[in-house]
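# just the structure for this:
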Amino acid sequence: MTTTTKYATQDLALKQVGQRSITVPNAARIGRHRRPQPSAVTQWWTLTGRTVRAMIRRHELLVAIVAPLIFTVGFYLPLKFVMQLQGINYAQFLMPIIVLQAMAFTSISAAQMSATERITGFSSRMQTMPVFGPVPLFSRMSSGFLRSVVSLTAAVIYGYAIGFRFVGGLSQVMLFCVIALTFSTCLSLGGDAIGSLSKSPQATSQALTLPQLILGMLSCGFVPESGFPEWIRPFVRNQPVSQFSYAMRDLAAGTLTPNTLVPVAAWSIGLIAVCGPLAYWASTRRA
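This is a model prediction of the structure:
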């Protein structure tokens, strides 16, 4: 072997060794520093934080505090003396419907939020990104749940101001809150589905306001069943707002029975079974 060939062979060997020494560690570094795929919990937490910050900027939590006050003053003062003449403690009687109306108000906000995300293209962007399907819906429900908790707390405080009291024990109080928040979740799922299918947040809120007012007025939340005409009493007695108000009234008095709890459980399961899949489908469908 000549000297030239010997040096050429050595140079080729050194180059191969150099390539191996460079290529292998670089590949390892790339593998080590590859950005991990965020978990569904991380995505949910990030989107929920974004939604809550937007709620704070739009003063939605302040509205959640003020709305029960408006319901309390608007419903309690005009009917207080009329109900007292019938021997009814109206603060105790009225409190469930004040809470339920406040919870129903949150479903309108949920519909507006989902409609806004749809028309601004945020929902479409989420569908093109590696985001788990139900995460945007869960984040909206979580922020709506926070709004409901704030509104429920405010409503109870206002109720205590007009004379409402929890007579039952702590377990009854907790179940009272669970039923109220379950009602809110059912309506929020329905509102979110309607908002995701709508192209106008304003039209969506207007469309949801009227049915809620009608169901509220045609319920046993404001006046006893005997205050309605005979022909409409079956509807008034059995519709969900009345059934929820019956159970919450009994819980406040510490006299809950299975006869009032079972219809609430049935309505809750039925509404979630219908509104839950509908909200998921509307949230994940391609526009």
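# and F222, which of the three is it?
coil (DSSP: H, G, I helix; E, B strand; the rest coil).
# from R147, how far off is it?
24 Å (C-beta to C-beta, to the nearest Å). All C-beta spots, glycine's among them, are computed from the backbone N, C-alpha and C.
# for the two, indicate the residue with more neighbours.
The residue with more neighbours, out of F222 and R147, is R147; 27 against 19, by other C-beta atoms under 10 Å.
# go ahead and confirm the more buried one touches S107.
No: using C-beta atoms under 8 Å, R147 makes no contact with S107, being 10.2 Å away.
# could you pull up the mean pLDDT of the helix or strand containing A273?
Using DSSP states H and E, A273 falls within helix 258-284. Across helix 258-284, pLDDT averages out at 93.
# packing partners of that helix?
helix 135-162, helix 170-197, helix 240-253 (3 or more C-beta pairs under 8 Å, 6 or more residues apart in numbering; DSSP states H and E).
# for W44, which of the ones you listed is the nearest?
helix 135-162 (5.1 Å; C-beta to C-beta).
# quick revisit: okay if I get the helices and strands packed on helix 258-284 as a markdown table plus distance to E117 and mean pLDDT?
Converted to a markdown table, the helices and strands packed on helix 258-284 look like this (distance: least, C-beta to C-beta, whole Å; pLDDT from 0 to 100):
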| stretch | distance to E117 | mean pLDDT |
| --- | --- | --- |
| helix 135-162 | 7 | 93 |
| helix 170-197 | 8 | 92 |
| helix 240-253 | 28 | 94 |
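# so which of these gets nearest L215?
helix 240-253 (4.9 Å).
# buried sites along that closest one?
Residues 240-252 are the ones in helix 240-253 that count as buried (16 or more other C-beta atoms under 10 Å).
# if you count contacts, what does it end up packed against?
helix 90-119, helix 170-197, helix 201-217, helix 258-284.
# extract the CA atoms of that helix and return them as PDB.
The C-alpha trace of helix 240-253 is given here as PDB (Å, rounded to 0.1, in the frame of the first residue of the first chain):
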ATOM      1  CA  PRO A 240     -89.300  20.300  35.800                       C
ATOM      2  CA  VAL A 241     -89.100  23.700  37.400                       C
ATOM      3  CA  SER A 242     -92.000  22.800  39.800                       C
ATOM      4  CA  GLN A 243     -90.400  19.500  40.600                       C
ATOM      5  CA  PHE A 244     -87.000  21.000  41.400                       C
ATOM      6  CA  SER A 245     -88.700  23.800  43.500                       C
ATOM      7  CA  TYR A 246     -90.700  21.200  45.500                       C
ATOM      8  CA  ALA A 247     -87.500  19.200  46.400                       C
ATOM      9  CA  MET A 248     -85.500  22.300  47.200                       C
ATOM     10  CA  ARG A 249     -88.300  23.700  49.400                       C
ATOM     11  CA  ASP A 250     -88.500  20.400  51.300                       C
ATOM     12  CA  LEU A 251     -84.700  20.400  51.700                       C
ATOM     13  CA  ALA A 252     -84.800  23.900  53.200                       C
ATOM     14  CA  ALA A 253     -87.400  22.700  55.600                       C
END
